[in-house]
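Student: Structure for the following, please:
(one chain, ligands or ions: 1)
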Amino acid sequence: MKFLVFTLTLLTTLCASGLQTKNIVLITLDGVRWQEVFSGADKAILNNKNFVENEEATQDRFWVDSPERRREKLMPFFWGTIAKKGQLYGNYRIGSTVRLTNREWFSYPGYNEILVGYADPAINSNEKVWNKNVTVLEFLNGQKQFRNKVAAFCSWDVFPYIINSQRSGIPVSAGEDGALGRRLTDREGLLNELISEMPKPFDTVRWDAFTFHLAMEYLQKETPRVIYISFDATDDYAHQGKYDRYLTAANVQDGFMEKLWKWLQSHPFYRDKTTLMITTDHGRGEGDKWTSHGSSVDGADRVWLAVMGPDTPTGGEMRDHPAVFSNQFAASISAFLDIEYNSIHPIGEAIKSVFIEEN
Ligand SMILES: [Zn+2]
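Tutor: Sure, this is the predicted structure:
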């Protein structure tokens, strides 16, 4: 009898969380503004000849008067799928706020905050410096059930340093790197050739399409339980002041996520057991300042968050919630996997509203 009671207690404890999530896909879209995510193309920028090469074609593709329809045009997966099945945070117009806690408002400090769970004032440049802080990816890779089940695919070549691939042992394909994992698939062989043959579109950044297709191949052959995918073209085109290309890049990134989600939901290892979290490393300015970000640019600390998965209640566009901060994402990722994230440094706590309430 005692044994039975013990067994029952153990079973209840094991199932106490009731969480369905077994896998996590984290995606970041570098420097995509909340303004476009929640209202689509911005009229003031779209009508400025300095920022748009072919006005008519860009208007045709991205403009419609209603902001609800405009954002659907720009990001059909966000508004057609995530808004119906998951949650979207960060529409300042309805009082939903997601903010950075770091004071820099550019990439390395932003990615550090997202992945580590706290802002580190010592990180104040985008230099290729091995991150002293341990990311949630490294933390999870250190847990027995996740060891060698964590990987990252990133367009920007600073990511091996941010994730500290040397210390963490996490495979990171970034910049000019190619495929990861065992035996190359035919598609990976071709992707590797193209990466070496095609000039990089930006100084330190490869095409997002390479990042996406390499990640898809890896998912199919290695079935990682935690994968991080980081796209970048949006930020690069924004810095160049090319609004039409910035919009196109965001639209393409949205399409990548749609293909990825469809594939995850078609695969028995991932279907209904995978939580998708999507965010950005920083915001950008308003009006003519949209090209820029950093601590001197008003509003560049405003970011956003999308979450969808078996443990997240349908909320669509979220409102009336406590302010969300980027330092809460790492603990949330770990909590979805039913592991309490801890660090030597205080971290932001998991966001309560992304989890179905226990009764
Ligand atoms: Zn950035």
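
Student: Next, count neighbours for the closest residue to Gly348 other than its chain neighbours.
Tutor: For Gly348, ignoring the flanking residues on the chain, the nearest one in space by C-beta to C-beta, 6 or more residues apart in numbering is Asn327 at 3.3 Å. To be clear about C-beta, it is placed using only N, CA and C from the backbone, and glycine gets the same treatment. By other C-beta atoms under 10 Å, 22 other residues sit near Asn327.

Student: Shouldn't Asn327 be within a helix?
Tutor: Yes: with DSSP: H, G, I helix; E, B strand; the rest coil as the criterion, Asn327 is located in a helix.

Student: ok, which stretches of the stretch 251-359 of the chain are strands?
Tutor: 274-279, 305-308, 316-317, 324-325 (DSSP state E, counting those that start in this stretch).

Student: May I see these arranged in CSV, with mean pLDDT and distance to the ion as well?
Tutor: Converted to CSV, these look like this (pLDDT from 0 to 100; distance: least, C-beta to the ion, whole Å):
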stretch, mean pLDDT, distance to the ion
strand 274-279, 98, 12
strand 305-308, 98, 16
strand 316-317, 98, 24
strand 324-325, 98, 17
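
Student: Distance check, the residue nearest to Asp320 when sequence neighbours are not counted against the ion.
Tutor: Spatial nearest neighbour of Asp320, chain neighbours left out: Gly95 (7.5 Å); criterion: C-beta to C-beta, 6+ apart. For Gly95, the distance to the ion (C-beta to the ion, to the nearest Å) stands at 26 Å.

Student: Can you get me a residue count around Gly95?
Tutor: Using other C-beta under 10 Å: Gly95 sits among 10 other residues.

Student: Might one say that it is in contact with His321?
Tutor: No: look at Gly95 against His321 with C-beta atoms under 8 Å: they stay out of range, at 9.2 Å.

Student: Report the contact partners of the residue nearest to Gly348.
Tutor: Thr101, Glu113, Gly117, Tyr118, Ala119, Ile347, Gly348 (C-beta atoms under 8 Å, 6 or more residues apart in numbering).

Student: which of these lies closest to the ion?
Tutor: Glu113 (11.9 Å; C-beta to the ion).

Student: any idea which element that closest one lies in?
Tutor: helix 107-116 (DSSP states H and E).

Student: Need the residues that contact that helix.
Tutor: Contacts of helix 107-116 (C-beta under 8 Å, 6+ apart): 28, 30-31, 100-104, 119-120, 123-127, 131, 133-137, 156, 158-159, 162-163, 228, 230, 235, 279-282, 303, 326-327, 329-330, 343, 347.
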